[in-house]
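Colleague: Next one to model:
(one chain, ligands or ions: 1)
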Amino acid sequence: MKRVLEILLFGLVTFGLLTLFSCEKEDLPIEYNIDELVFLIKSNQLDNYQVEESKLSELRNVLYSKKYELEEYLNIFLWESSLYGYDFSYVKSHPIKLVKKENLYFQDRRVSGLAYGRDNDELIHIEIWWPHFNNEISSHASFKIMFHELGHDILNLNHSDDYVMMNSNINYNKMSLEDFINLIPSLFIIK
Ligand SMILES: [Zn+2]
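Modeller: Numbering: from 1, shown residues only. The predicted model follows:
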């Protein structure tokens, strides 16, 4: 009998604790879910989701420290550009060719990426030296390459002294994630 009471009591206490914790959880304000945001940005579904200004740097830190498929870099570029007031929604209604190459050369010189769709708003065509891009450099260095090519292809930018649009063989792995994030505006803010 004592044993039965013990089990009953244990059950009641456990039930009580579980109820208490689940109530507490429900009463808390809705937590900002960074994984959900990253998913929405990657899949280009952020239209109805307001990202609080104060959360942007945390979000970028998570977002830019991962590797992605090429189309996801494009979605993230489109999301960033929308924060600077651009509307490139037309991009998705035209052909998009994002090609992974085993090797990539331009005029006999090895290059990280090439943009063929520049000055043609009805085509996005980018080729990436994929083994280098995906395996040899940091996540934010991959972003630097892809944003550079998208800068040519979508923003129709030339090379310049601005970090992302520089035409040089920088040692990508020397750049910190923080440096890269701080340099993103140089791409989108029209001078
Ligand atoms: Zn270039």
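Colleague: Please make it C-alpha for all contacts and neighbour counts, starting now.
Modeller: Fine.
Colleague: What residues does Glu58 make contact with?
Modeller: Counting by C-alpha atoms under 8 Å, 6 or more residues apart in numbering, Glu58 makes contact with nothing.
Colleague: which residues of the protein fall in helices?
Modeller: 2-27, 34-42, 56-63, 70-83, 130-131, 139-153, 177-183, 185-188 (DSSP state H).
Colleague: Now for the residue nearest to Glu72 when sequence neighbours are not counted, how many residues are close by?
Modeller: Distances taken as C-alpha to C-alpha, 6 or more residues apart in numbering place Lys42 nearest to Glu72, at 5.0 Å, with adjacent residues excluded. Counted with other C-alpha atoms under 10 Å, the neighbours of Lys42 add up to 21.
Colleague: ok, now Asp153?
Modeller: Neighbours of Asp153 (other C-alpha under 10 Å): 23.
Colleague: How about the one 3 residues further on?
Modeller: A total of 15 residues lie near Asn156 under the criterion other C-alpha under 10 Å.
Colleague: By mean pLDDT, which helix or strand of this structure comes out lowest?
Modeller: Lowest by mean pLDDT, DSSP states H and E among the helices and strands of the chain is helix 2-27, with a mean of 57.
Colleague: returning to what we had before: with Glu122 as the reference, name the closest of the helices of the chain.
Modeller: helix 139-153 (10.2 Å; C-alpha to C-alpha).
Colleague: and that closest one, what does it pack onto?
Modeller: helix 70-83, strand 113-115, strand 124-129, helix 177-183 (3 or more C-alpha pairs under 8 Å, 6 or more residues apart in numbering; DSSP states H and E).
Colleague: Same question for the last one: list its buried residues.
Modeller: Just to be clear, that refers to helix 177-183. Using 16 or more other C-alpha atoms under 10 Å as the test for burial, helix 177-183 gives 177, 180-181.
Colleague: Could you pull up the residues touching Tyr73?
Modeller: 42, 143, 146-147.
Colleague: can we see that at 10 Å?
Modeller: Under the criterion of C-alpha atoms under 10 Å, 6 or more residues apart in numbering, the neighbours of Tyr73 are 41-43, 64, 67, 79, 142-143, 146-147, 150.
Colleague: Next one: the nearest residue to Asn75 once chain neighbours are set aside relative to Phe106, how far apart?
Modeller: Spatial nearest neighbour of Asn75, excluding adjacent residues (C-alpha to C-alpha, 6+ apart): Asn44 at 5.3 Å. Distance, Asn44 to Phe106, using C-alpha to C-alpha, to the nearest Å: 31 Å.
Colleague: and if you look at Glu69?
Modeller: Counting by C-alpha to C-alpha, the gap from Glu69 to Phe106 is 23 Å.
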